[in-house]
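Asks: how would this look folded up:
(one chain, ligands or ions: 1)
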Amino acid sequence: MNKRIIILPGDGIGKEVTAEGKKVLEKIAALFVHQFEFEEATIGHDAIEKTGTALPDESLAKMRTCDAILFGAVGHPKYDNDPTLKVRPEQGLLKMRKELGLYANLRPIKLFDELLGASSIKPEILKGSDILFFRELTGDVYFGEKVKSADGNTASDLMIYHRYEVERIAHKAFQAARTRRKKVTSVDKANVLESSRLWRETVNIVAKEYPDVQLEHQFVDTAAMKLIQNPRSFDVVVTGNLFGDILTDEASQIAGSMGMLASASVGDKVGLYEPIHGSAHDITGKGIANPLASILSAALLLDISFGMKKESAALIAAVELSLKQGYRTVDIADPKTPKDKVLNTQQMGKRVVDNIGAKAGQDMTALNTGAFVASVS
Ligand code: NAD
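Replies: Okay, the predicted model is just below:
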């Protein structure tokens, strides 16, 4: 197959990890005889420095015409510490999601057995956890009207949802649940928020079309507690933009590290694939960022945007094999990890590249790909 992929590194460790994501895609193309054409585009602080805007028209035009996008992250300390700056990296992110109609963010929380010890949660609670989050991405307080009073002492963000926005993501969640354990947990705050009551009412209506899927509702505070108390009780979770943002960072601890969690943002057009982590100023430039979230995002890209199930499974198997061989980046190493097994960003990327297509890796693909191959298109 011939495919055109936009690489959108963004800022901080976004640049470091997407470089490794690109390398694994190149290896997959060579091994499975595909032609992948790569082109770079700018976003975030990087784009502001170069063009004065967080998402240049040129970047957007490239994205509108490509087959898939591999994204890193945006963000720079300059903006985090100065709320008065009007042009900000995250504006690029929100505009990109809106313009490309990327309304559903899939976040598979898949724990590799080798990393059971890397989490701060007890292994017996974690083992077997496999959750697929659907976070709504183009509504909620992120896009509602923002107001600050003239005297500067009052500010508000409108939490707003339209019925069609809830319907379309609920359908995606129920469809995915049908390919998994047939359970959907819808998370809201319907005891106090009107937008959550609309959310719940709409999910209940959509659920009638999927009588074979069990639906439960949870308030976001309860869900936050149950996620670490009994993560195995969740299969598919569907929730709004704000709650999904927070809950999936919490859920990253199930997978051991922020550096392990991939995501796919899909809608009606092109798909965008990115780690759930940000630009991580604290480790930028040190060469220690874990590239596996970006590499697993590339696996989602192959699966969801290109329908390349075998290729995607081979990539996930290569990640699993690298972990089985004992290799770790600092964030997922523990005190017992031998020093020579602790790799930097590029070394871990190379380890995975070398393991793609390895016999042992191929044998393992059947074991551990469930969450990544849910049918979501
Ligand atoms: P972060 O996700 O960047 O980092 C949180 C913590 O996790 C840090 O300690 C970091 O070192 C660690 N971490 C993250 N990714 C890692 C990886 N691959 N390997 C090893 N450790 C990793 O969140 P933050 O520190 O709150 O935010 C930093 C910047 O990123 C901010 O400017 C924020 O606005 C931005 N941000 C962007 C996105 C995005 O582009 N989608 C998402 C979240 C935050």
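
Asks: do you have the strands of this structure handy? List them.
Replies: 2-10, 35-40, 68-73, 104-110, 130-136, 146-148, 155-157, 183-188, 214-219, 236-239, 262-266, 271-275 (DSSP state E).

Asks: distance check, Ala298 against the ligand.
Replies: Distance, Ala298 to the ligand, using CB to the nearest ligand atom, to the nearest Å: 14 Å. To be clear about C-beta, it is placed using only N, CA and C from the backbone, and glycine gets the same treatment.

Asks: quick one: contacts for the residue lying closest to that residue once chain neighbours are set aside?
Replies: Distances taken as CB to CB, 6 or more residues apart in numbering put Gly21 closest to Ala298, at 4.5 Å, once the chain neighbours are dropped. Applying CB atoms under 8 Å, 6 or more residues apart in numbering to Gly21 gives the contacts Ile7, Leu70, Pro291, Ser294, Ile295, Ser297, Ala298.

Asks: so what's Gly21 scoring on pLDDT?
Replies: Reading off the confidence values, Gly21 has pLDDT 98.

Asks: repeat that for Val87.
Replies: 93.

Asks: so it makes contact with Leu55?
Replies: No: Val87 lies out of contact with Leu55 (CB atoms under 8 Å); the separation is 10.5 Å.

Asks: higher neighbour count, those two?
Replies: Leu55 (25 against 13; other CB atoms under 10 Å).

Asks: tally of neighbours for the spatially closest residue to the more buried one that is not a sequence neighbour?
Replies: Leaving aside its sequence neighbours, Leu55 sits nearest to Gly92 (CB to CB, 6+ apart; 3.7 Å). Residues near Gly92, counting by other CB under 10 Å, number 27.

Asks: for the closest residue to Lys310 other than its chain neighbours, what are its contacts?
Replies: Counting by CB to CB, 6+ apart, Lys310 lies nearest to Phe32, which is 7.2 Å off, once chain neighbours are set aside. Shown in contact with Phe32 (CB under 8 Å, 6+ apart): Met308, Lys310, Glu311, Ala314.

Asks: need the residues you listed in a markdown table with neighbour count, can you?
Replies: Formatted as a markdown table, the contacts of Phe32 follow (neighbours: other CB atoms under 10 Å):
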| residue | neighbour count |
| --- | --- |
| Met308 | 20 |
| Lys310 | 13 |
| Glu311 | 22 |
| Ala314 | 25 |
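
Asks: mean pLDDT lowest where, among the strands of the chain?
Replies: That would be strand 104-110, which, of all the strands of the chain, carries the lowest mean pLDDT at a mean of 91.

Asks: and that one, is it in reach of the ligand?
Replies: No: Strand 104-110 stays clear of the ligand (CB under 6 Å from any ligand atom), getting no nearer than 9.9 Å.

Asks: check stretch 61-78 too.
Replies: Yes: judged by CB under 6 Å from any ligand atom, stretch 61-78 comes into contact with the ligand at Ala73, Val74, Gly75.
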